[in-house]
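Participant: no sequence for this one, just the structure:
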Ligand SMILES: Nc1ncnc2c1ncn2[C@@H]1O[C@H](COP(=O)(O)OP(=O)(O)OP(=O)(O)O)[C@@H](O)[C@H]1O
Ligand SMILES: [Mg+2]
């Protein structure tokens, strides 16, 4: 079964949207098979976001992503990676469709509530990064 790495960002926790976001994942018919709350540090963020680490906005991302706890999850189901990307919505808040998590709840490009792996290969790398061998 395909699986993906999902992470509820600090704004989801601060804005008390965790329950509503998890409901959307369950409503879609996907299964949450692992979940934990923890804090990120700059080192792991540089790995996880290596593709944007040289962007001018990266220090802001580090500040935001270390500002409070996140909730990491493994989500499983047919085409779980793409299904979750669809539920999450586009990166830029203005491009995120109404009905998606970011479309309905996010109003900046940085604080966009939730991360989802972008490929099956990256999903496995990220699951290993955050959950170890599972
Ligand atoms: N132009 C931007 N301005 C501010 N923040 C940005 C911008 N582009 C990306 N980001 C931040 O960097 C994160 C990672 O960017 P990426 O291109 O991987 O988008 P994504 O795959 O939609 O998001 P994520 O990896 O968090 O699921 C985004 O979620 C967002 O928080
Ligand atoms: Mg990404």
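Facilitator: Great, that's in hand. Bear in mind the structure is a predicted one, so any value in this text is a computation, not a measurement. Ligands and ions are numbered 1, 2, ... in the order given.

Participant: any residues touching the helix or strand harbouring residue 44, and which ones?
Facilitator: Using DSSP states H and E, the secondary-structure element containing residue 44 is helix 42-48. The contact list for helix 42-48 (Cβ atoms under 8 Å, 6 or more residues apart in numbering) reads 40, 53, 61, 62, 65, 66, 126, 129. C-beta: built from backbone N, CA, C; applies to glycine.

Participant: wait, does the helix or strand just after it make contact with ligand 1?
Facilitator: Where DSSP H and E defines the elements, the next helix or strand beyond helix 42-48 is helix 58-65. Yes - using Cβ under 6 Å from any ligand atom, helix 58-65 reaches ligand 1 at residue 61.

Participant: And helix 58-65, what does it pack against?
Facilitator: Here helix 58-65 touches helix 10-14, helix 42-48, going by 3 or more Cβ pairs under 8 Å, 6 or more residues apart in numbering; DSSP states H and E.

Participant: in that helix, what's buried?
Facilitator: 61, 62, 64, 65 (16 or more other Cβ atoms under 10 Å).

Participant: Max pairwise distance over those residues: which two?
Facilitator: 62 and 64 (7.4 Å; Cβ to Cβ).

Participant: any chance of the buried residues of helix 58-65 in JSON lines, with pLDDT too?
Facilitator: Conversion of the buried residues of helix 58-65 to JSON lines gives the following (pLDDT from 0 to 100):
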{"residue": "61", "pLDDT": "97"}
{"residue": "62", "pLDDT": "97"}
{"residue": "64", "pLDDT": "98"}
{"residue": "65", "pLDDT": "98"}
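
Participant: of these, closest to residue 104?
Facilitator: residue 64 (19.7 Å).

Participant: quick one, what contacts the closest one?
Facilitator: Applying Cβ under 8 Å, 6+ apart, the residues near residue 64 are 9, 10, 11, 110, 111.
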